[in-house]
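K.L.:
I need the structure of the sequence given here:
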Amino acid sequence: MKKNILYIIIGIFTLGLLPSCDLENNINPKKATQVDAGNLLAAGQIQLVLQYAQCNVNYNISRLLCQHWSQTTYVTESRYDFADRDIPGTFAREFYRDVLIDLKEANTILDSREYTDSQMPELNNKKAIIEVLNVLSYTILVETFGDMPYSEALMALENPLPKYDDAIEIYKDLFKRLDAAIALFDTKAASFGSNDVFFGGDVAKWKQFAQALIIRMSMRAADIEDKFETKPSDYFKKYYKEVGFKATEALTYVPPGSDPWVNPINEAFVIDARNDFVPSNTLMDKMNDLEDPRRALWFTQKGGKYVGLEYGLSSGKPYGNYSHFTPKFIDPKLPVILSDYVEMQFFFAEAAERGWTTDVAADHYNNAITASIKYWGGSDADVAIYLANPKVAYATAVGDYRQKIGTQKWIAMYDRGVEAWTEWRRLDYPKFNLPEPVTGGTEYTYESIPKRYPYSSTEATLNPDAYAAAVAKLGGNESTIKLWFDVK
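P.N.:
You can find the predicted model right below:
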């Protein structure tokens, strides 16, 4: 992130040395000097969702960290090597440079214009949409790294060396910002229209997504309620009955379906013609044990069985030896789920167990599993058989609510690596496998499993004081250090 700021500085000085052109007022007529806020919104949205759903190991390894996938060729990321490709640096850069900056500039353009009273509802909707995306981006960052630049972020030359703010303090402010944004929405007024690549300007969907996001945030902070002046449970209680997802509903981004605007899995397996990933034995063994009907919906068989690759091997294995992904995951238009009924119902089940509501946890648990199976194409019969399995049924499944909900939610979050990894860190279930030890090397322990992305090594060079303070506060920069929400 700071490297890009240095490039900007260099660019400014370089431009000052160039000879002036002969065009009137020194303006290049082939390059736009003004950009519409809607175009910037669309650019930020696309970069956000591509990073969020990316499976390229240079950008996002969450499907590996949550042990849904294993690697057949290059295995370093499954063995927790973050430094080789500077994955953390790229992950942060994509959000700050390609998402948050675009959103900030879109907001600046909106603020630069004058509006009549009749235009204010549409303006408020546009600003609320931008704010929801800001909050989403920062929640992902602080749930991935911990403390991050926030109050001094995005200031460019005004402050190219921002401090790292406390993650809990950031989260407190994000709650307030999101709560205020929800209050701005007017479902009778317009917004960004077709420039909104998520929901086509549908303000009702944006309000629903914002409410779902605040439910997600409330549960992420549920184990540290004493740290918040306005408790996460208070935000939850304010909105959980308003979210209003139907049992078949998901809020998604649907890629146009042509290169480069395709689902990231299609990009990897079709456009780039790679055979790097297969389902992991962590996921497949669990689904086999539960006789999960989603196996046939998600994976092919190998020799009449569903076979996952051992997670974290020290060397690659032949791609053809294992189950593969069914064609629906290679579809260039496969939707990227941003929030859905399944996720909300699991949160509602947990809230009931925590005493935040008087609901019956098992009802929401069953709703979530049912909706997940049917979303992917399963039948009512599939649902009935699965829920009747004593290993699945809420009354008889092994463990406390964290284990029951955590295990089933982890399965249902398949293809949503960022959410699956975060929920696993928070709920601690199911039990993961350990990477294979190298002969003569140190064996992995359960504590070796990453709990965060470490800060990029470039931060130590380009923003040394802020980096040093952040690392000292955290107690190191190891990926094994638990983050602020991960206290159980």
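K.L.:
so how many other residues sit close to K328?
P.N.:
Using other CB atoms under 10 Å, K328 has 12 neighbouring residues. C-beta: built from backbone N, CA, C; applies to glycine.
K.L.:
Over to Q408?
P.N.:
Neighbours of Q408 under the rule other CB under 10 Å: 26.
K.L.:
Begin at 842, not 1, for the rest of this chat.
P.N.:
From this message on, residue numbering opens at 842, which makes the last subject Q1249.
K.L.:
Contacts only, for it.
P.N.:
By CB atoms under 8 Å, 6 or more residues apart in numbering, the residues touching Q1249 are 1187, 1206, 1209-1210, 1233.
K.L.:
at 10 Å instead, please
P.N.:
Contact analysis of Q1249 by CB atoms under 10 Å, 6 or more residues apart in numbering lists 1131, 1133, 1183, 1187, 1190, 1206-1207, 1209-1210, 1213, 1227, 1233, 1235, 1238, 1270-1271.
K.L.:
how near is the spatially most central residue of the chain to D958?
P.N.:
Nearest to the geometric centre of the chain sits V1259, at 4.1 Å (CA atoms, centre = their mean). Remark: distance between V1259 and D958 (CB to CB, to the nearest Å) = 41 Å.
K.L.:
same question, K1250
P.N.:
Counting by CB to CB, the gap from K1250 to D958 is 46 Å.
K.L.:
With neighbour numbers in mind, choose between these two.
P.N.:
Legend: neighbour count by other CB under 10 Å for K1250 and D958, higher for K1250 (26 against 6).
K.L.:
Distance of that one relative to A1209?
P.N.:
Distance from K1250 to A1209, by CB to CB: 7 Å.
K.L.:
Quickly list what's touching both of the two.
P.N.:
Residues within reach of K1250 and of A1209 at once, by CB under 10 Å, 6+ apart, are 1183-1184, 1186-1188, 1190.
K.L.:
Closest one of these to I1023?
P.N.:
I1023 lies nearest to F1188 out of the shared contacts of K1250 and A1209, by CB to CB, at 17.0 Å.
K.L.:
ok so the closest one is a helix residue?
P.N.:
Yes. Under DSSP: H, G, I helix; E, B strand; the rest coil, F1188 sits within a helix.
K.L.:
Quick check: it touching S1074?
P.N.:
No. Look at F1188 against S1074 with CB atoms under 10 Å: they stay out of range, at 11.9 Å.
K.L.:
tell me, what's touching the two both at once?
P.N.:
1059-1060, 1063, 1197.
K.L.:
Just the ones of the residues you listed in helices?
P.N.:
Secondary structure from DSSP state H places 1059-1060 of the shared contacts of F1188 and S1074 in helices.
K.L.:
Can you lay out the shared contacts of F1188 and S1074 as TSV showing pLDDT, neighbour count and distance to A1311?
P.N.:
Shown next, in TSV, are these (pLDDT from 0 to 100; neighbours: other CB atoms under 10 Å; distance: CB to CB, whole Å):
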residue	pLDDT	neighbour count	distance to A1311
S1059	98	25	26
M1060	98	25	26
A1063	98	20	25
W1197	98	21	33
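K.L.:
for the chain, what spans make up the strands?
P.N.:
Along the chain, counting by DSSP state E, strands occupy 910-912, 1091-1094, 1118-1120, 1177-1181.
K.L.:
Kindly reformat those as CSV containing distance to L1019 and mean neighbour count.
P.N.:
Output for the strands of the chain, formatted as CSV (distance: least, CB to CB, whole Å; neighbours: other CB atoms under 10 Å):
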stretch, distance to L1019, mean neighbour count
strand 910-912, 31, 26
strand 1091-1094, 15, 18
strand 1118-1120, 34, 25
strand 1177-1181, 13, 21
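K.L.:
Which one of those strands lies nearest to G1153?
P.N.:
Of all the strands of the chain, it is strand 910-912 that lies closest to G1153, at 7.6 Å by CB to CB.
K.L.:
Quick one: neighbours of Y1076, just the number.
P.N.:
Residues near Y1076, counting by other CB under 10 Å, number 21.
K.L.:
Setting the sequence-adjacent residues aside, check what's closest to it.
P.N.:
Here the nearest residue to Y1076 in space, its sequence neighbours aside, is S1059; by CB to CB, 6 or more residues apart in numbering that works out to 4.8 Å.
K.L.:
and the gap between the one you found and Y1080?
P.N.:
Taking CB to CB as the measure, S1059 falls 8 Å from Y1080.
K.L.:
right, and D1075 touches F1069 too?
P.N.:
Yes. If you go by CB under 10 Å, D1075 and F1069 touch, sitting 8.6 Å apart.
K.L.:
Common neighbours of these two, please.
P.N.:
Shared contacts of D1075 and F1069, defined by CB under 10 Å, 6+ apart, are found at 1016, 1059.
K.L.:
thinking again about what came up before, turn the strands of the chain into TSV, columns for distance to I1290 and mean pLDDT.
P.N.:
Shown next, in TSV, are those (distance: least, CB to CB, whole Å; pLDDT from 0 to 100):
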stretch	distance to I1290	mean pLDDT
strand 910-912	15	98
strand 1091-1094	29	97
strand 1118-1120	19	98
strand 1177-1181	25	98
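K.L.:
Got the domain ranges for this structure?
P.N.:
Following automatic domain parsing, one finds the domains of the chain at 909-922+1086-1294, 927-1079+1301-1329.
K.L.:
what's the first-to-last distance across the last one?
P.N.:
End-to-end span of domain 927-1079+1301-1329 (CA to CA, to the nearest Å): 29 Å.
K.L.:
List just the nearest of the contacts of Q1249 to N1000.
P.N.:
Among the contacts of Q1249, F1187 lies closest to N1000 (CB to CB), at 40.3 Å.
K.L.:
ranges for the helices of the stretch 992-1141 of the chain?
P.N.:
Secondary structure of the stretch 992-1141 of the chain by DSSP state H, counting those that start in this stretch: the helices cover 1008-1025, 1044-1061, 1073-1080, 1105-1107, 1122-1131, 1135-1139.
K.L.:
Figure out which of those is closest to Y937.
P.N.:
helix 1008-1025 (13.7 Å).
K.L.:
Averaged pLDDT, the closest one. What do you get?
P.N.:
Averaging the model's pLDDT scores along helix 1008-1025 yields 98.
K.L.:
now for that helix, which elements pack on it?
P.N.:
helix 961-985, helix 1044-1061, helix 1073-1080 (3 or more CB pairs under 10 Å, 6 or more residues apart in numbering; DSSP states H and E).
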